[in-house]
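Asks: sequence plus the predicted model coming up.
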Amino acid sequence: MTTMERPKTTAGSDFAELGRRISQAGLLDRRPGYYALRLGVVGAMLVGGWSAFFMVGSSWWTLAVAVFLAVTFAQVALVAHDLAHRQVFRTNRPSSRAGMIAGNLGIGMSYGYWMDKHTKHHAHPNHDDLDPDVAPGVLVWSTEAAAGRRGRFGRWLTRNQAWLFFPLLTLLGLSLRKDSVSALRAGSIKRRGFESALLATHIIGYLAALLLVLNPFQALAFFVVHQALFGVYLGMTFAPNHKGMPHPTGDEDFLRKQVLTSRNVRGGWLTDAALGGLNHQIEHHLFPGMPTPNLRRAQPIVQAYCAEIGVSYEVTGLAESYGIALRHLHAVGAPLRP
(Lines give C-alpha, C1' and ligand atoms only; values in the text may rest on other atoms or scores of the structure.)
Protein backbone atom coordinates (compact mmCIF):
# COMPACT_ATOMS: atom_id res chain seq x y z
CA MET A 1 0.00 0.00 0.00
CA THR A 2 1.39 3.40 -0.97
CA THR A 3 1.16 6.43 1.29
CA MET A 4 0.96 10.16 0.80
CA GLU A 5 4.10 11.79 -0.53
CA ARG A 6 3.74 15.23 1.00
CA PRO A 7 2.82 16.25 4.54
CA LYS A 8 0.46 19.07 5.40
CA THR A 9 2.38 22.36 5.32
CA THR A 10 -0.21 24.86 6.50
CA ALA A 11 -2.95 24.93 9.09
CA GLY A 12 -5.92 24.53 6.77
CA SER A 13 -5.65 27.84 4.91
CA ASP A 14 -4.67 26.41 1.53
CA PHE A 15 -8.14 25.25 0.53
CA ALA A 16 -9.72 28.51 1.69
CA GLU A 17 -7.45 30.46 -0.65
CA LEU A 18 -8.16 28.12 -3.55
CA GLY A 19 -11.88 28.36 -2.86
CA ARG A 20 -11.65 32.14 -2.98
CA ARG A 21 -9.97 32.05 -6.39
CA ILE A 22 -12.51 29.57 -7.76
CA SER A 23 -15.41 31.61 -6.43
CA GLN A 24 -14.03 34.84 -7.87
CA ALA A 25 -13.84 33.14 -11.26
CA GLY A 26 -17.57 32.37 -11.00
CA LEU A 27 -17.00 28.63 -11.35
CA LEU A 28 -19.43 27.66 -8.58
CA ASP A 29 -22.32 29.41 -10.34
CA ARG A 30 -25.19 27.27 -11.63
CA ARG A 31 -25.40 26.35 -15.32
CA PRO A 32 -29.14 25.84 -15.93
CA GLY A 33 -28.84 26.10 -19.71
CA TYR A 34 -26.23 23.36 -19.86
CA TYR A 35 -28.23 21.01 -17.67
CA ALA A 36 -31.48 21.72 -19.50
CA LEU A 37 -29.73 20.66 -22.71
CA ARG A 38 -27.95 17.68 -21.18
CA LEU A 39 -31.01 16.31 -19.41
CA GLY A 40 -33.00 16.83 -22.60
CA VAL A 41 -30.47 14.96 -24.73
CA VAL A 42 -30.09 12.05 -22.28
CA GLY A 43 -33.86 11.85 -21.81
CA ALA A 44 -34.34 11.79 -25.58
CA MET A 45 -31.73 9.02 -25.85
CA LEU A 46 -33.60 6.93 -23.28
CA VAL A 47 -37.00 7.44 -24.89
CA GLY A 48 -35.56 6.99 -28.38
CA GLY A 49 -33.72 3.81 -27.41
CA TRP A 50 -36.80 2.12 -26.01
CA SER A 51 -38.90 3.35 -28.93
CA ALA A 52 -36.40 1.77 -31.32
CA PHE A 53 -36.56 -1.44 -29.26
CA PHE A 54 -40.32 -1.73 -29.80
CA MET A 55 -40.11 -0.65 -33.44
CA VAL A 56 -37.42 -3.20 -34.32
CA GLY A 57 -39.36 -5.88 -32.49
CA SER A 58 -38.46 -9.54 -32.60
CA SER A 59 -35.26 -9.31 -34.60
CA TRP A 60 -31.59 -9.89 -33.95
CA TRP A 61 -31.06 -6.26 -34.96
CA THR A 62 -32.36 -5.49 -31.50
CA LEU A 63 -28.82 -6.21 -30.25
CA ALA A 64 -27.77 -2.91 -31.85
CA VAL A 65 -30.43 -1.26 -29.71
CA ALA A 66 -28.98 -3.06 -26.68
CA VAL A 67 -25.60 -1.42 -27.36
CA PHE A 68 -27.20 2.01 -27.69
CA LEU A 69 -29.20 1.56 -24.49
CA ALA A 70 -26.07 0.43 -22.61
CA VAL A 71 -24.43 3.75 -23.46
CA THR A 72 -27.65 5.57 -22.58
CA PHE A 73 -28.00 3.86 -19.19
CA ALA A 74 -24.43 4.92 -18.31
CA GLN A 75 -25.21 8.50 -19.32
CA VAL A 76 -28.35 8.42 -17.14
CA ALA A 77 -26.18 7.18 -14.24
CA LEU A 78 -23.80 10.11 -14.78
CA VAL A 79 -26.76 12.52 -14.71
CA ALA A 80 -27.91 10.91 -11.43
CA HIS A 81 -24.37 11.50 -10.11
CA ASP A 82 -24.62 15.23 -10.84
CA LEU A 83 -28.08 15.36 -9.28
CA ALA A 84 -26.75 13.73 -6.11
CA HIS A 85 -24.10 16.44 -5.84
CA ARG A 86 -26.73 19.19 -6.31
CA GLN A 87 -25.00 20.44 -9.41
CA VAL A 88 -28.31 20.67 -11.26
CA PHE A 89 -30.72 22.01 -8.62
CA ARG A 90 -29.77 24.14 -5.64
CA THR A 91 -31.94 22.34 -3.06
CA ASN A 92 -32.28 18.73 -1.99
CA ARG A 93 -35.95 18.06 -2.79
CA PRO A 94 -35.86 18.52 -6.59
CA SER A 95 -32.42 16.91 -6.72
CA SER A 96 -33.53 13.77 -4.89
CA ARG A 97 -36.81 13.48 -6.82
CA ALA A 98 -35.07 13.80 -10.18
CA GLY A 99 -32.33 11.46 -8.95
CA MET A 100 -34.83 8.75 -8.00
CA ILE A 101 -36.55 9.04 -11.37
CA ALA A 102 -33.22 8.77 -13.19
CA GLY A 103 -31.71 6.10 -10.93
CA ASN A 104 -34.52 3.89 -9.68
CA LEU A 105 -36.97 4.22 -12.56
CA GLY A 106 -34.58 4.95 -15.42
CA ILE A 107 -31.81 2.39 -14.89
CA GLY A 108 -32.86 0.26 -11.89
CA MET A 109 -30.37 1.55 -9.30
CA SER A 110 -31.40 2.85 -5.89
CA TYR A 111 -30.56 6.54 -5.75
CA GLY A 112 -30.52 6.57 -1.95
CA TYR A 113 -28.21 3.56 -1.71
CA TRP A 114 -25.79 4.94 -4.26
CA MET A 115 -25.81 8.45 -2.75
CA ASP A 116 -24.96 7.09 0.71
CA LYS A 117 -22.12 5.00 -0.73
CA HIS A 118 -20.77 7.85 -2.85
CA THR A 119 -20.90 10.35 0.03
CA LYS A 120 -18.66 8.06 2.08
CA HIS A 121 -16.28 7.81 -0.86
CA HIS A 122 -15.98 11.60 -1.15
CA ALA A 123 -15.38 11.97 2.59
CA HIS A 124 -12.62 9.33 2.68
CA PRO A 125 -11.22 8.73 -0.85
CA ASN A 126 -8.99 5.66 -1.16
CA HIS A 127 -9.20 4.94 2.59
CA ASP A 128 -9.01 1.16 3.05
CA ASP A 129 -11.54 1.07 5.88
CA LEU A 130 -13.83 4.04 5.14
CA ASP A 131 -14.10 4.27 1.35
CA PRO A 132 -16.60 1.64 0.10
CA ASP A 133 -15.11 1.89 -3.40
CA VAL A 134 -11.87 0.27 -2.24
CA ALA A 135 -13.31 -1.99 0.46
CA PRO A 136 -12.36 -5.65 -0.07
CA GLY A 137 -14.90 -7.42 -2.25
CA VAL A 138 -14.56 -9.36 -5.45
CA LEU A 139 -11.48 -7.20 -6.10
CA VAL A 140 -9.04 -6.02 -3.44
CA TRP A 141 -6.97 -2.86 -3.73
CA SER A 142 -4.38 -3.23 -0.94
CA THR A 143 -1.77 -5.85 -0.12
CA GLU A 144 -3.15 -6.11 3.42
CA ALA A 145 -6.58 -7.09 2.07
CA ALA A 146 -4.96 -9.53 -0.37
CA ALA A 147 -3.00 -11.19 2.45
CA GLY A 148 -6.24 -11.73 4.35
CA ARG A 149 -7.96 -13.44 1.42
CA ARG A 150 -9.32 -16.85 2.38
CA GLY A 151 -10.44 -19.80 0.31
CA ARG A 152 -8.94 -21.35 -2.79
CA PHE A 153 -11.24 -19.50 -5.20
CA GLY A 154 -10.82 -16.14 -3.45
CA ARG A 155 -7.04 -16.40 -3.52
CA TRP A 156 -7.08 -17.47 -7.18
CA LEU A 157 -9.32 -14.49 -7.97
CA THR A 158 -6.95 -12.05 -6.27
CA ARG A 159 -3.88 -13.54 -7.95
CA ASN A 160 -5.46 -12.98 -11.35
CA GLN A 161 -7.62 -9.92 -10.66
CA ALA A 162 -5.79 -7.65 -13.10
CA TRP A 163 -6.66 -10.02 -15.96
CA LEU A 164 -10.22 -10.40 -14.70
CA PHE A 165 -10.92 -6.70 -14.14
CA PHE A 166 -12.68 -5.89 -17.41
CA PRO A 167 -14.58 -9.22 -17.59
CA LEU A 168 -15.83 -8.61 -14.04
CA LEU A 169 -17.09 -5.16 -15.02
CA THR A 170 -19.72 -6.89 -17.15
CA LEU A 171 -21.43 -7.81 -13.87
CA LEU A 172 -21.34 -4.30 -12.39
CA GLY A 173 -24.88 -3.34 -13.45
CA LEU A 174 -26.31 -6.50 -11.90
CA SER A 175 -24.24 -5.96 -8.77
CA LEU A 176 -25.64 -2.43 -8.35
CA ARG A 177 -29.18 -3.77 -8.62
CA LYS A 178 -28.51 -6.54 -6.11
CA ASP A 179 -26.99 -4.07 -3.64
CA SER A 180 -29.87 -1.65 -4.23
CA VAL A 181 -32.46 -4.30 -3.41
CA SER A 182 -30.48 -5.39 -0.34
CA ALA A 183 -30.24 -1.80 0.95
CA LEU A 184 -33.96 -1.22 0.44
CA ARG A 185 -34.86 -4.49 2.16
CA ALA A 186 -32.61 -3.57 5.08
CA GLY A 187 -34.59 -0.36 5.55
CA SER A 188 -31.52 1.88 5.59
CA ILE A 189 -32.73 4.12 2.76
CA LYS A 190 -34.87 7.23 3.21
CA ARG A 191 -38.11 7.24 1.21
CA ARG A 192 -37.82 3.47 1.15
CA GLY A 193 -41.36 2.91 -0.09
CA PHE A 194 -41.15 5.35 -2.97
CA GLU A 195 -37.72 4.10 -4.04
CA SER A 196 -38.88 0.48 -3.85
CA ALA A 197 -41.93 1.21 -5.99
CA LEU A 198 -39.84 2.95 -8.66
CA LEU A 199 -37.22 0.21 -8.66
CA ALA A 200 -39.85 -2.53 -8.90
CA THR A 201 -41.52 -0.67 -11.78
CA HIS A 202 -38.22 -0.57 -13.66
CA ILE A 203 -37.38 -4.24 -13.11
CA ILE A 204 -40.88 -5.51 -13.98
CA GLY A 205 -41.19 -3.21 -17.00
CA TYR A 206 -37.71 -4.11 -18.27
CA LEU A 207 -38.22 -7.87 -18.04
CA ALA A 208 -41.76 -7.66 -19.41
CA ALA A 209 -40.59 -5.69 -22.44
CA LEU A 210 -37.91 -8.27 -23.24
CA LEU A 211 -40.16 -11.29 -22.77
CA LEU A 212 -43.17 -9.85 -24.60
CA VAL A 213 -41.34 -8.38 -27.61
CA LEU A 214 -38.50 -10.85 -28.19
CA ASN A 215 -38.33 -14.60 -28.42
CA PRO A 216 -36.54 -16.30 -25.49
CA PHE A 217 -33.13 -16.52 -27.19
CA GLN A 218 -33.27 -12.90 -28.38
CA ALA A 219 -34.39 -11.77 -24.92
CA LEU A 220 -31.46 -13.56 -23.29
CA ALA A 221 -28.99 -12.15 -25.82
CA PHE A 222 -30.37 -8.63 -25.41
CA PHE A 223 -30.14 -8.89 -21.62
CA VAL A 224 -26.54 -10.13 -21.70
CA VAL A 225 -25.31 -7.56 -24.22
CA HIS A 226 -27.14 -4.65 -22.62
CA GLN A 227 -26.20 -5.38 -19.01
CA ALA A 228 -22.61 -6.38 -19.80
CA LEU A 229 -21.82 -3.27 -21.86
CA PHE A 230 -23.60 -1.02 -19.36
CA GLY A 231 -21.41 -2.43 -16.58
CA VAL A 232 -18.20 -2.06 -18.57
CA TYR A 233 -18.96 1.51 -19.63
CA LEU A 234 -19.99 2.57 -16.13
CA GLY A 235 -16.97 0.93 -14.56
CA MET A 236 -14.64 2.56 -17.08
CA THR A 237 -15.91 6.03 -16.11
CA PHE A 238 -14.89 5.51 -12.47
CA ALA A 239 -11.82 3.24 -12.68
CA PRO A 240 -9.32 5.90 -13.86
CA ASN A 241 -10.07 8.31 -11.01
CA HIS A 242 -8.44 6.83 -7.89
CA LYS A 243 -7.25 3.30 -8.56
CA GLY A 244 -3.52 3.01 -8.04
CA MET A 245 -3.29 6.42 -6.35
CA PRO A 246 -1.82 6.89 -2.84
CA HIS A 247 -3.83 5.93 0.22
CA PRO A 248 -4.32 8.60 2.93
CA THR A 249 -2.40 8.45 6.21
CA GLY A 250 -4.93 10.50 8.17
CA ASP A 251 -2.64 13.50 8.65
CA GLU A 252 -3.63 15.40 5.52
CA ASP A 253 -5.79 18.48 5.33
CA PHE A 254 -8.84 18.50 3.06
CA LEU A 255 -7.04 19.82 -0.02
CA ARG A 256 -4.20 17.32 0.12
CA LYS A 257 -6.47 14.39 0.94
CA GLN A 258 -8.58 15.09 -2.14
CA VAL A 259 -5.81 16.03 -4.59
CA LEU A 260 -3.25 13.36 -3.72
CA THR A 261 -5.76 10.50 -3.90
CA SER A 262 -7.25 11.58 -7.25
CA ARG A 263 -6.12 11.54 -10.86
CA ASN A 264 -7.23 13.63 -13.82
CA VAL A 265 -7.52 12.24 -17.34
CA ARG A 266 -6.54 14.55 -20.17
CA GLY A 267 -8.73 14.89 -23.23
CA GLY A 268 -11.10 17.20 -25.06
CA TRP A 269 -14.85 17.65 -25.16
CA LEU A 270 -15.43 14.04 -26.27
CA THR A 271 -13.67 12.75 -23.15
CA ASP A 272 -15.75 15.13 -21.04
CA ALA A 273 -18.95 13.83 -22.64
CA ALA A 274 -17.99 10.16 -22.43
CA LEU A 275 -16.88 10.33 -18.79
CA GLY A 276 -19.46 12.84 -17.64
CA GLY A 277 -16.77 15.30 -16.55
CA LEU A 278 -15.28 12.78 -14.10
CA ASN A 279 -12.02 13.00 -16.00
CA HIS A 280 -11.58 16.24 -13.99
CA GLN A 281 -11.63 14.17 -10.81
CA ILE A 282 -9.38 16.42 -8.74
CA GLU A 283 -11.55 19.48 -9.29
CA HIS A 284 -14.69 17.41 -8.72
CA HIS A 285 -13.43 16.14 -5.36
CA LEU A 286 -12.38 19.59 -4.24
CA PHE A 287 -15.66 21.20 -5.34
CA PRO A 288 -18.27 18.41 -5.66
CA GLY A 289 -21.09 20.91 -6.20
CA MET A 290 -19.36 22.56 -9.15
CA PRO A 291 -21.36 22.12 -12.39
CA THR A 292 -19.70 19.69 -14.78
CA PRO A 293 -18.96 22.22 -17.59
CA ASN A 294 -17.06 24.42 -15.12
CA LEU A 295 -14.63 21.67 -14.12
CA ARG A 296 -12.53 22.10 -17.28
CA ARG A 297 -12.27 25.84 -16.63
CA ALA A 298 -11.28 25.23 -13.01
CA GLN A 299 -8.53 22.77 -13.93
CA PRO A 300 -5.74 25.26 -14.80
CA ILE A 301 -6.51 27.30 -11.68
CA VAL A 302 -6.30 24.25 -9.42
CA GLN A 303 -3.21 22.84 -11.13
CA ALA A 304 -1.36 26.15 -10.93
CA TYR A 305 -2.30 26.56 -7.28
CA CYS A 306 -1.10 23.05 -6.43
CA ALA A 307 2.24 23.84 -8.07
CA GLU A 308 2.36 27.07 -6.06
CA ILE A 309 1.97 25.29 -2.70
CA GLY A 310 4.00 22.20 -3.66
CA VAL A 311 1.25 19.57 -3.90
CA SER A 312 1.57 16.80 -6.49
CA TYR A 313 -1.12 16.99 -9.19
CA GLU A 314 -1.51 13.89 -11.36
CA VAL A 315 -2.73 13.97 -14.97
CA THR A 316 -2.54 11.02 -17.37
CA GLY A 317 -4.01 9.87 -20.65
CA LEU A 318 -7.09 7.66 -20.58
CA ALA A 319 -5.35 4.45 -21.70
CA GLU A 320 -2.48 5.15 -19.29
CA SER A 321 -4.92 5.54 -16.39
CA TYR A 322 -6.31 2.06 -17.03
CA GLY A 323 -2.77 0.71 -17.24
CA ILE A 324 -1.94 2.19 -13.85
CA ALA A 325 -5.06 0.66 -12.30
CA LEU A 326 -4.35 -2.77 -13.81
CA ARG A 327 -0.69 -2.72 -12.75
CA HIS A 328 -1.78 -1.81 -9.23
CA LEU A 329 -4.23 -4.71 -9.13
CA HIS A 330 -1.52 -7.05 -10.40
CA ALA A 331 0.96 -5.82 -7.77
CA VAL A 332 -1.59 -6.22 -4.99
CA GLY A 333 -2.09 -9.87 -5.92
CA ALA A 334 1.64 -10.59 -6.16
CA PRO A 335 2.03 -12.00 -2.59
CA LEU A 336 -0.45 -14.76 -3.47
CA ARG A 337 1.42 -15.82 -6.58
CA PRO A 338 4.20 -18.42 -6.39
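Replies: Structure received.
Asks: what residues does the residue nearest to Leu234 when sequence neighbours are not counted make contact with?
Replies: Counting by C-beta to C-beta, 6 or more residues apart in numbering, Ala74 is the residue found nearest to Leu234 once chain neighbours are left out, at 4.8 Å. Using the backbone N, CA and C atoms, a C-beta is placed for each residue, glycine as well. Counting by C-beta atoms under 8 Å, 6 or more residues apart in numbering, Ala74 touches 230, 233-234, 237.
Asks: now stretch 119-130: mean pLDDT?
Replies: Averaged across stretch 119-130, the pLDDT comes to 87.
Asks: okay, strands next: where are they in the stretch 201-338 of the chain?
Replies: Counting by DSSP state E, counting those that start in this stretch, the stretch 201-338 of the chain has strands at residues 264-265, 315-316.
Asks: need the contact list for Ala123.
Replies: When contacts are counted by C-beta under 8 Å, 6+ apart, Ala123 touches Leu130.
Asks: can you report phi and psi for it?
Replies: Phi and psi for Ala123, reported as degrees, to the nearest 10, are phi -70, psi -30.
Asks: distance of it relative to Arg93?
Replies: To Arg93, Ala123 is 23 Å away according to C-beta to C-beta, to the nearest Å.
Asks: which residues touch the helix or strand where Ser51 lies?
Replies: Assigned by DSSP states H and E, Ser51 belongs to helix 32-56. For helix 32-56, the surrounding residues in contact (C-beta under 8 Å, 6+ apart) are 62, 65, 68-69, 71-72, 75-76, 79, 82, 87-88, 106, 209, 213, 291-293.
Asks: how about stretch 250-264?
Replies: Contacts for stretch 250-264 (C-beta under 8 Å, 6+ apart): 4-8, 10, 12, 14-15, 18, 125-126, 240-242, 244-248, 279-283, 285-286, 299, 302, 306, 311-316, 321, 324.
Asks: just the buried members of those?
Replies: 4, 8, 14-15, 18, 125-126, 240-242, 244-248, 279-283, 285-286, 299, 302, 306, 311, 313-314, 316, 321, 324 (16 or more other C-beta atoms under 10 Å).
Asks: from those, which land in helices?
Replies: Judged by DSSP state H, these include 14-15, 18, 240-242, 281-283, 285-286, 299, 302, 306, 321, 324 as members of helices.
Asks: residues contacting Leu139?
Replies: Applying C-beta under 8 Å, 6+ apart to Leu139 gives the contacts 158, 161, 165, 168, 329.
Asks: check Gln227 too.
Replies: Neighbouring residues of Gln227 by C-beta under 8 Å, 6+ apart: 70, 170, 173-174.
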